[in-house]
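Engineer: Okay, here's the prediction I keep looking at, along with the sequence it came from:
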Amino acid sequence: MDKEKSKVYTGYLDRQMLIAMPNMVDGNFAGSVTLLCQHTEEGAIGITINRLSDFSLGEILAQLHIDCKDEAIRNLPVVEGGPVAPDRGFVLHTPLEGFESSMPVSQEIMVTTSRDILAAIASGKGPEKYLVALGYAGWGGGQLEGEMRQNAWLSVEADSSIVFDLPLPSRFDEALGRLGIKVDRLHLEGGHA
């Protein structure tokens, strides 16, 4: 039994969003929805999609010396992607090839970490839909699996409409709703099957 508990099953959380349970004690993740970008034996990486940062996209572009004349683009919010490397940028976006450092998350979502995507967005030649995040969420090997066993998270299939189309405050409730759960019916303690 102990061997079974320590076994790490990798990849089963690919193309999933993590929804923090109400008993989440880590303030970095309370009330959060995190899109998992990668889940392997070595660990997992995700981007939180519903926490507003203190920055607008225009401020980020200015720091990188990328000119953007479109006020609507400059005024777009940037999210707090997670507590790891908060000075590093990540762009979740609808599929568009040609950037230096991109990786598919699902058929409808990619993540790019290279500066060239921000230049494309600023010039109006970027992906159709995108979300810019600062920082990411990271777990070491087996850590996320342990948190799942402790009922810290629920998981639901990644949905591009939640990531790109909904206002930030609606994303948590909508992700829960995809599981048929309403937040007022969610118990603080989960069970084990």
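Structural biologist: All right, it came through fine. Residues are numbered from 1 along each chain as shown.

Engineer: Excluding covalently adjacent residues, which one is nearest to the residue positioned nearest the centre of the chain?
Structural biologist: Note on the chain: the residue nearest the mean C-alpha position is Ile47, at 2.5 Å, using CA atoms, centre = their mean. Closest residue in space to Ile47, ignoring its immediate chain neighbours: Gly81 at 4.3 Å, by CB to CB, 6 or more residues apart in numbering. To be clear about C-beta, it is placed using only N, CA and C from the backbone, and glycine gets the same treatment.

Engineer: how deep is that neighbour tucked in, by neighbour count?
Structural biologist: 30 (other CB atoms under 10 Å).

Engineer: so what's it up against?
Structural biologist: 47-48, 90, 133-137 (CB atoms under 8 Å, 6 or more residues apart in numbering).

Engineer: so which two of the residues you listed are the farthest from each other?
Structural biologist: Farthest pair in those (CB to CB) is Leu134 and Ala137. Separation: 12.1 Å.

Engineer: more crowded one of the two?
Structural biologist: Higher neighbour count among Leu134 and Ala137: Ala137, with 24 against 20, using other CB under 10 Å.

Engineer: Wait, the residue nearest to the centre of the chain touches Val91, no?
Structural biologist: No. Using CB atoms under 8 Å, Ile47 is not in contact with Val91; the gap is 9.4 Å.
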